[in-house]
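Participant: coords below, sequence missing:
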């Protein structure tokens, strides 16, 4: 690990690992590694092979300008992946940067070959463990029969220069895209070795919007696909995710789990008998949701709670190779550990207590669980765990992607609030901080709000701030996950009351320290974190500067313009019948109290928190003579993803903080 200064350039230079898959014989792993392109305009991902034993260095498997992602292993050891690269066998194919096709890389040496290129693109693929069946999701225009008809219909729209859409269902958009005009379908195929598919059996010919954003899996024999599906009630607020099984041969559907809940992230057991998924109960303004793992017997259809005693929110379950246990992750006390839940006794074992884990990947022989592990102080790295050892130290598989050694010191701090609840935070201080050199403090409020500061963060890197000389506080106030159901319930629907007071209590807990300059503090946040700093701005002038990104400002307007506004009715109720909770928690009603300088940042393509929130916030601030700037990204959405935009984001934020917290002269960032 190198000792180098850590700044925005160092952050952007770090390889970004995501996804992990293990070969059927356990001899190799594949991960996706994203790096900047040569012009620093975008991140491009490539697939890399990792030796689980660590005997050989990682080896790059793919190389193309569009990049590759979504890798899974087929039964024969070949790697299936998604890419919009052109087909080298087709002289007329120049590729479509907006549409991924399905590709296969042979188990031995050789070039990747095209498996399927439906006109609407492929967005996810899974493969059976004991059969050659491959299941993938692709989108097609309604009332078209097959890919050729879909392509013809799309060409007619292009020739007519028509981009209009007619919507008949709610919602009409999600995160950064409108839902349509194509609809998502599931296809089950046995790929041929010699030529790409021109058609594929459709498991749900008329899905409407049932499969939007659904995750799915296939049984080992390839006979049954298990997927979540949207179900709408008579009222638009009645929106659920059911769990269904689809017979690949007959297309017959069987409902596995339904009712007043959402069922997501299904995983089929290696013995073909079980499916496990995440169950989230439907919430209401008086009761926060509850999350557990739900186990369904595919033979009898009976379901049960696999983790009834777990006071955490389990995520992303995967199976042990002998089907005797389920591995999963869950936020816990500022970390996201891996866990093992036994089917026979229900015993839950925490495998490691350090860091945040993703992409759990059990080896086929049951000897290890592979994963990506990050910490607040280090980006994701591939590691191996003993499948049954408790609170172990993972084994690093390779140091090929480790970055520079980060300076500063990280502490776990807590405060007991007025109602007797302990609120925890991470505090990161630069090496220079001390009684003789107190440092300014930047308070970063996380988004969600059902989330936690538990690992590495690409978007809000505290290390860029500490390298600039700031201390950074990462509080987990009420509604944060990892502290039990009661901690979530405590802040449910009380954003401007309990959550706000928790954040200020966390700040009070550290600003008395001699290493902190209590008179030089700033508050920053995005999404819900942006909401919270907006609320802070209207209720206290203790901070010298505010940075609010993709933030909620007017909750009543937000309900009607966000992608799925009815979700928020679970917490705040129906605003058409009673908008009391919206008014009680809406920051815009307190604009007259704001005197703190505010930097507003927003992306045009953000549909979760639409740009109308930033436009109204900006107008309200200017009309009330609040010193403010508005950094606008026409080509970004809820996150800032392009490298040069990230550079502008950090340079603007740091310049704003330096001006108002440190009293330095404002200098507009380069390229603005």
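Facilitator: The structure has been received and is ready for your questions. Computed from a predicted structure; not experimentally measured.

Participant: all helices for the protein, in order.
Facilitator: Counting by DSSP state H, the chain has helices at residues 8-13, 147-159, 462-467, 485-491, 500-511, 528-537, 555-561, 569-572, 580-585, 612-623, 643-662.

Participant: need the winner for burial among those helices.
Facilitator: By mean neighbour count, with neighbours taken as mean count of other Cβ atoms under 10 Å, helix 528-537 ranks first of those at a mean of 27. For the C-beta atoms, the positions are set from N, CA and C on the backbone; glycine is no exception.

Participant: which helices and strands sit right next to it?
Facilitator: Packing partners of helix 528-537 (3 or more Cβ pairs under 8 Å, 6 or more residues apart in numbering; DSSP states H and E): strand 439-445, helix 500-511, strand 516-526, strand 545-549.

Participant: follow-up on the earlier one: need the helices of the chain in TSV with distance to residue 343, can you?
Facilitator: Shown next, in TSV, are the helices of the chain (distance: least, Cβ to Cβ, whole Å):
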stretch	distance to residue 343
helix 8-13	42
helix 147-159	41
helix 462-467	40
helix 485-491	24
helix 500-511	38
helix 528-537	36
helix 555-561	42
helix 569-572	31
helix 580-585	41
helix 612-623	46
helix 643-662	44
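
Participant: who's in contact with residue 278?
Facilitator: Residue 278 makes contacts with 263, 264, 265, 291, 292, 293, 294, 314, 315, 316, 317, as judged by Cβ atoms under 8 Å, 6 or more residues apart in numbering.

Participant: give me the buried entries from those.
Facilitator: 263, 264, 265, 291, 292, 293, 294, 314, 315, 316, 317 (16 or more other Cβ atoms under 10 Å).

Participant: how about these in TSV, adding distance to residue 167?
Facilitator: Formatted as TSV, the buried ones among the contacts of residue 278 follow (distance: Cβ to Cβ, whole Å):
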residue	distance to residue 167
263	26
264	24
265	28
291	31
292	34
293	35
294	32
314	35
315	31
316	32
317	34
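
Participant: in strands only, show me these.
Facilitator: Judged by DSSP state E, the subset of the buried ones among the contacts of residue 278 located in strands is 263, 264, 265, 291, 292, 293, 294, 314, 315, 316, 317.

Participant: so can I have CSV of those residues showing pLDDT and distance to residue 641?
Facilitator: Output for those, formatted as CSV (pLDDT from 0 to 100; distance: Cβ to Cβ, whole Å):
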residue, pLDDT, distance to residue 641
263, 97, 30
264, 97, 24
265, 98, 24
291, 98, 28
292, 98, 33
293, 98, 32
294, 98, 33
314, 98, 29
315, 98, 23
316, 98, 22
317, 98, 28
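
Participant: looking at the residues you listed, which is nearest residue 81?
Facilitator: residue 316 (19.9 Å; Cβ to Cβ).

Participant: how near is the closest one to residue 598?
Facilitator: To residue 598, residue 316 is 37 Å away according to Cβ to Cβ, to the nearest Å.

Participant: any chance of the helices and strands packed on helix 528-537 in CSV, with distance to residue 634 and mean pLDDT too?
Facilitator: Compiled in CSV, the helices and strands packed on helix 528-537 are given as follows (distance: least, Cβ to Cβ, whole Å; pLDDT from 0 to 100):
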stretch, distance to residue 634, mean pLDDT
strand 439-445, 26, 98
helix 500-511, 31, 98
strand 516-526, 18, 98
strand 545-549, 15, 98
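
Participant: between those, which gets nearest to residue 349?
Facilitator: Residue 349 lies closest to helix 500-511 among these, at 30.9 Å (Cβ to Cβ).

Participant: got the angle between the closest one and strand 516-526?
Facilitator: Taking axes from the mean of the first three to the mean of the last three Cα atoms, to 10 degrees, one finds helix 500-511 and strand 516-526 inclined to each other by 140 degrees.

Participant: where does the stretch 501-650 of the chain dip in pLDDT?
Facilitator: The stretch 501-650 of the chain contains no residues with pLDDT under 70.

Participant: hmm, I was thinking of the chain
Facilitator: Checking the chain against pLDDT under 70 turns up 1-4, 91-97, 236-237.

Participant: can you rerun that using 50?
Facilitator: 1-3 (pLDDT under 50).

Participant: per-domain residue ranges of it.
Facilitator: The chain breaks down into these domains under automatic domain parsing: 62-202, 407-662.

Participant: give me whichever of these is most buried.
Facilitator: Mean neighbour counts for the domains of the chain (mean count of other Cβ under 10 Å) peak at domain 407-662, with a mean of 20.

Participant: could you tell me the end-to-end distance of that domain?
Facilitator: With Cα to Cα, to the nearest Å as the measure, the ends of domain 407-662 fall 21 Å from one another.
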